[in-house]
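Provide a 3D model corresponding to the input given below.
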Amino acid sequence: MLAKFIVRAVFAAIGLWLSSMLVAGLAFTDTASLILAAILLGLVNAVLRPILFILTLPLTLITLGLFLLILNAAMIGLVAVMLQGFIVDGLWPGLVAAIVTGLTSWLGHMIIRDDKGR
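Purely as a prediction, here's the structure:
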């Protein structure tokens, strides 16, 4: 279980780093901030995101799932508020970072997926 969290944190860190390279308005002060941001993002997504998902389910259904992008961007923004070395300048950089990080995490999951569930 801890190994899966570490692997997910690594892919989140790759996604956040890639986002910082591609998106103006998203930056890290140093590598330690990047690593801490990835760990915090994993914790926030594990604890807070499911609660917010349930609370915003009607809005997510009305928007056919597009509100999940806003929710993911809000999680990245929350991590940026909690961590001083991680800077997100507004909604659009957060949205793009959410997309890039989500795609990176999805790709990582596809690479290391566990076939035990099948």
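
all helices of this protein, in order?
2-22, 31-55, 57-62, 67-82, 91-112 (DSSP state H).

so how far is Ile35 from Ile51?
25 Å (CB to CB, to the nearest Å). (C-beta placed from N, C-alpha, C; glycine too.)

so these two - more neighbours on which side?
Ile35 (18 against 9; other CB atoms under 10 Å).

where in this structure is pLDDT low?
114-118 (pLDDT under 70).

can we see that at 80?
Within the chain, the segments meeting pLDDT under 80 span 1, 112-118.

which residues sit against stretch 34-45?
5, 8-10, 12-13, 16-17, 20, 28, 75-76, 78-80, 82-83, 85-86, 101 (CB atoms under 8 Å, 6 or more residues apart in numbering).

buried among those residues? Make that a PyMOL selection.
In PyMOL, a selection of the buried entries from the contacts of stretch 34-45 looks like this (16 or more other CB atoms under 10 Å):
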select buried, resi 8+9+12+13+16+17+20+28+75+76+78+79+80+83+85+86+101
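
list the buried residues in stretch 96-110.
Val96, Ala97, Ala98, Ile99, Val100, Thr101, Thr104, Ser105, Gly108.

adding distance to Ala24, write those residues out as a markdown table.
Below are those laid out as a markdown table (distance: CB to CB, whole Å):
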| residue | distance to Ala24 |
| --- | --- |
| Val96 | 10 |
| Ala97 | 11 |
| Ala98 | 16 |
| Ile99 | 15 |
| Val100 | 13 |
| Thr101 | 16 |
| Thr104 | 19 |
| Ser105 | 22 |
| Gly108 | 25 |
